[in-house]
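Colleague: prediction below, plus the sequence it came from.
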Amino acid sequence: NERQLLLLCAGMEIDPDWPALCASANNNSSLAYPTFRLAQQMLPTLRSDAIDTASPLRDWAMVSRSRGLTIMTSMLQIDEHILHYLLGSDRIDGRLSYIVHPIAPHTIELPESQQAIVNNSLAAWDNNVRTFQFFGQGQALKRAIASQLCQRLQRPLYELSVAALPTDQADFQRTIRLWQ
């Protein structure tokens with residue numbers, strides 16, 4: 001499946017013996033890297049459309065391919081941010097650093113009415129709501145609510161600068177994909 005294909009590509013970055021293993025499995029010393037052909041040979045349950053540009057791994061840019069002589073023998077590469085995530089890093093993708101900034105946790109005690117907002121948001125999270133927008137006056141209070149919600153969910157809190165979002169449609173779509 002696609003997870004195994006992703007791990008096949010990750011192996012290239014992690015294991016120094018991976019190139020020799022790939023060359024041996026490819027029966028070709030010049031193909032010392034993961035390829036779609038190798039993936040199909042090693043992963044019999046891999047769907048044939050996994051190599052399509054609209055497949056989730058390629059559409060979400062988790063795996064890319066270099067320009068080779070053929071699609072089947074082109075080198076496959078895992079996205080660096082995805083590799084770091086698999087290795088345990090939860091840092092935000094550096095390509096987003098110009099629009100997204102971490103917010104330090106707030107430690108102020110919330111009034112009961114605002115604590116109720118946190119509790120209602122937690123209940124919404126349990127029902128798969130993943131985006132919250134807090135209205136009202138007082139930027140500091142809204143940040144404190146969001147901070148407490150993130151602390152209770154054991155998630156980092158980030159601030160997105162709308163003014164820094166790209167205006168070009170293609171760049172905007174790439175940015176959205178990176179953020180997701």
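Modeller: Right, received. Where do you want to start?

Colleague: rest of the way, CA atoms for contacts and neighbours
Modeller: Noted.

Colleague: distance of residue 45 relative to residue 3?
Modeller: Distance of residue 45 to residue 3, given as Cα to Cα, to the nearest Å: 11 Å.

Colleague: number of residues surrounding residue 114?
Modeller: With neighbours defined by other Cα atoms under 10 Å, the count for residue 114 comes to 15.

Colleague: hmm, I was thinking of residue 73
Modeller: Residue 73, neighbours per other Cα under 10 Å, totals 19.

Colleague: so who does it touch?
Modeller: For residue 73, the contacting residues are 31, 35, 36, 37, taking Cα atoms under 8 Å, 6 or more residues apart in numbering as the criterion.

Colleague: quick check: residue 36 touching residue 72?
Modeller: Yes. Under the contact definition of Cα atoms under 8 Å, residue 36 touches residue 72, with a separation of 4.9 Å.

Colleague: show me which of these two is the more surrounded one.
Modeller: The neighbour count for residue 36 versus residue 72, taken as other Cα under 10 Å, is higher for residue 36 (20 against 17).

Colleague: the helix or strand harbouring residue 175: which residues count as buried?
Modeller: Secondary-structure element containing residue 175, defined by DSSP states H and E: helix 169-179. The neighbour-count check on helix 169-179 (16 or more other Cα atoms under 10 Å) flags 175, 178 as buried.

Colleague: what does that helix rub up against?
Modeller: For helix 169-179, the external contacting residues (Cα under 8 Å, 6+ apart) are 60, 93, 95, 96, 165, 166.

Colleague: report the two of the contacts of residue 73 separated the most.
Modeller: Looking at those by Cα to Cα, the two members farthest from one another are 31 and 36, with 11.3 Å of separation.

Colleague: ok now stretch 146-156, how far from the chain's centre?
Modeller: The gap between the average C-alpha position of stretch 146-156 and the chain average comes to 19 Å, counting by Cα atoms, centre = their mean, to the nearest Å.

Colleague: what does stretch 119-127 give?
Modeller: On Cα atoms, centre = their mean, the centre of stretch 119-127 falls 23 Å from the chain's centre.

Colleague: ok, residues contacting that stretch?
Modeller: Under the criterion Cα under 8 Å, 6+ apart, residues 132, 149, 153 lie in contact with stretch 119-127.

Colleague: those residues in strands, which ones?
Modeller: Among the contacts of stretch 119-127, no residue falls in strands (DSSP state E).

Colleague: quick one on the thing from earlier: quick check, nearest of the contacts of residue 73 to residue 88?
Modeller: For residue 88, the nearest member of the contacts of residue 73 is residue 35. The distance, counting by Cα to Cα, is 25.3 Å.

Colleague: what's near enough to touch that closest one?
Modeller: 72, 73, 74, 75, 76.

Colleague: quick one: the second one from residue 95, how far?
Modeller: Looking back up the chat, that one is residue 73. Following Cα to Cα, the distance that separates residue 73 from residue 95 is 29 Å.
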